[in-house]
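Novice: build me a model from this:
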Amino acid sequence: MSLSISSTCSPLSWRNCSHRTPKITTPAAFFRHGCRSTNQTALQFNSSAPDSLFTQRFGFCISGAKLGFRVKAENSGGEIKMSEEEKLEELRGKSTMPDRFRHLTKEAPSPPLRWPWFVALAFLIYAWRSVLWELSNWRKLLLGIFQFVGYLSKLVLAFIFHFIGDPITYTVLFVESTVYAIHSFYSSIVTSAPIPQLTFIIMLASTVLAIGEAASPDSIKCQPYLLTAAGIIGYGAVRGFITEPVFLLMLVGLFSYSRFLKKRDNVCSALPIATVLASVGEPWVRIMAIISFTALAIYHHSKNLKQVNEVSEVTSFRGKVPLPLLGVALAIGIRVAAKWAGYRHLTWMII
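Specialist: Here you go, the predicted structure:
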């Protein structure tokens, strides 16, 4: 509902103003004047009373030649739109406090509520418990899958070992035995390698090899594998792995292989045998082996001088050292290093 008042008055006095009958405008007349609302009613009064009296009666000043007011009644559905400030003013009511102090009377904000957070925390804990339970189910599922894969792999391995299990087992045992043999061999070298005897063996073997190389050049270079095999046979005979008859039979086999199959001369064929006997034999065996091989080398050299009249150039020996001699030298070095390290360790412990 809205009320609008329009008034005009003349400067004449209100008493001399002739009162006219109020003019009521009907809705039909409003439609002729351009009004769009169907629920509006207008009431118009015209007066020519002086403005001073009208001002005294109604409390506001009106200027103009004519006096009148217009009342409009409008139905807007019964809803009155008010701003927030107007609502606050209406709630506060009429106050005698000046406007410049009104901002001091604003209500303080209430403290925030914290108890809903505890409710939410309880729900979160329950939800997290559900998540943990679900994760435990997933963990059990994954463990079951891994166990199934493990059982399946065991079945496959059992199926494989059913057919090729024995060769694999023998291969593993061979590798294990080889590793243990190498370890025991190295331990024996470190703990009890006879340095004087090994040095004497190197000297005797070097003497025999020098005699053979002088009588038949390239006799060492042309048969490195036979010299290595002869060294292994001699080591086996010293350690007791090979008996004496088998040892002699192997030496005869080496001589026959080199002499009849490889078609080498007598000095080249007898060089591995003489070296082994001079290195690992008894003292009288060593002496006999060196003397016999020296005589054979002299005979072979004199025979070649009679057959060849021209003097051949002497070539220097640049071949590789036989592996048995390198092994003996390495054993001496390992033993010396172990003794030095042991002495240094005891010295550090005493200090």
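Novice: quick one, what contacts Ile211?
Specialist: Phe293, Thr294, Ala297 (Cβ atoms under 8 Å, 6 or more residues apart in numbering). The C-beta positions use only the backbone N, C-alpha and C, and glycine is treated the same way.
Novice: surely the last one is in contact with Gly212?
Specialist: Yes - contact between Ala297 and Gly212 holds when scored by Cβ atoms under 8 Å: they sit 6.4 Å apart.
Novice: which neighbours do the two share?
Specialist: In contact with both Ala297 and Gly212: Val267, using Cβ under 8 Å, 6+ apart.
Novice: where does the prediction get shaky in this protein?
Specialist: 1-82, 88-89, 91-96, 306-319, 344-351 (pLDDT under 70).
Novice: regarding it, what is its longest helix?
Specialist: Of all segments of type helix in the chain, defined using DSSP state H, the longest is helix 115-192.
Novice: at which residues are the helices of the stretch 251-351 of the chain located?
Specialist: Ranges of helices within the stretch 251-351 of the chain are 266-280, 283-307, 323-350, based on DSSP state H, counting those that start in this stretch.
Novice: most neighbours per residue, which of the ones you listed?
Specialist: helix 266-280 (a mean of 25; mean count of other Cβ atoms under 10 Å).
Novice: what angle separates that helix from helix 323-350?
Specialist: Between helix 266-280 and helix 323-350, the angle comes out at 20 degrees (axes from the mean of the first three to the mean of the last three Cα atoms, to 10 degrees).
Novice: packing partners of helix 266-280?
Specialist: helix 195-215, helix 224-239, helix 244-256, helix 283-307 (3 or more Cβ pairs under 8 Å, 6 or more residues apart in numbering; DSSP states H and E).
Novice: next up, phi/psi of Arg110, please.
Specialist: One thing to correct before we go on: residue 110 is Ser, not Arg. Dihedral angles of Ser110 (phi, psi; degrees, to the nearest 10) stand at phi -70, psi 150.
Novice: count of neighbours near it?
Specialist: Using other Cβ atoms under 10 Å, Ser110 has 6 other residues around it.
Novice: could you measure it against Arg264, distance?
Specialist: 116 Å (Cβ to Cβ, to the nearest Å).
Novice: can I get stretch 130-147 in PDB, CA atoms only?
Specialist: C-alpha atoms of stretch 130-147 as PDB (Å, rounded to 0.1, in the frame of the first residue of the first chain):
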ATOM      1  CA  SER A 130      35.900 -47.900   7.400                       C
ATOM      2  CA  VAL A 131      38.700 -46.900   5.100                       C
ATOM      3  CA  LEU A 132      41.200 -48.900   7.200                       C
ATOM      4  CA  TRP A 133      38.900 -51.900   7.100                       C
ATOM      5  CA  GLU A 134      38.700 -51.600   3.300                       C
ATOM      6  CA  LEU A 135      42.400 -51.300   3.000                       C
ATOM      7  CA  SER A 136      42.900 -54.400   5.200                       C
ATOM      8  CA  ASN A 137      40.600 -56.300   2.800                       C
ATOM      9  CA  TRP A 138      42.700 -55.200  -0.100                       C
ATOM     10  CA  ARG A 139      45.900 -56.200   1.700                       C
ATOM     11  CA  LYS A 140      44.400 -59.700   2.300                       C
ATOM     12  CA  LEU A 141      43.500 -59.900  -1.300                       C
ATOM     13  CA  LEU A 142      47.000 -59.000  -2.500                       C
ATOM     14  CA  LEU A 143      48.600 -61.400  -0.100                       C
ATOM     15  CA  GLY A 144      46.300 -64.100  -1.400                       C
ATOM     16  CA  ILE A 145      47.300 -63.300  -5.000                       C
ATOM     17  CA  PHE A 146      51.100 -63.400  -4.100                       C
ATOM     18  CA  GLN A 147      50.700 -66.700  -2.300                       C
END
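Novice: great, nothing more from me.
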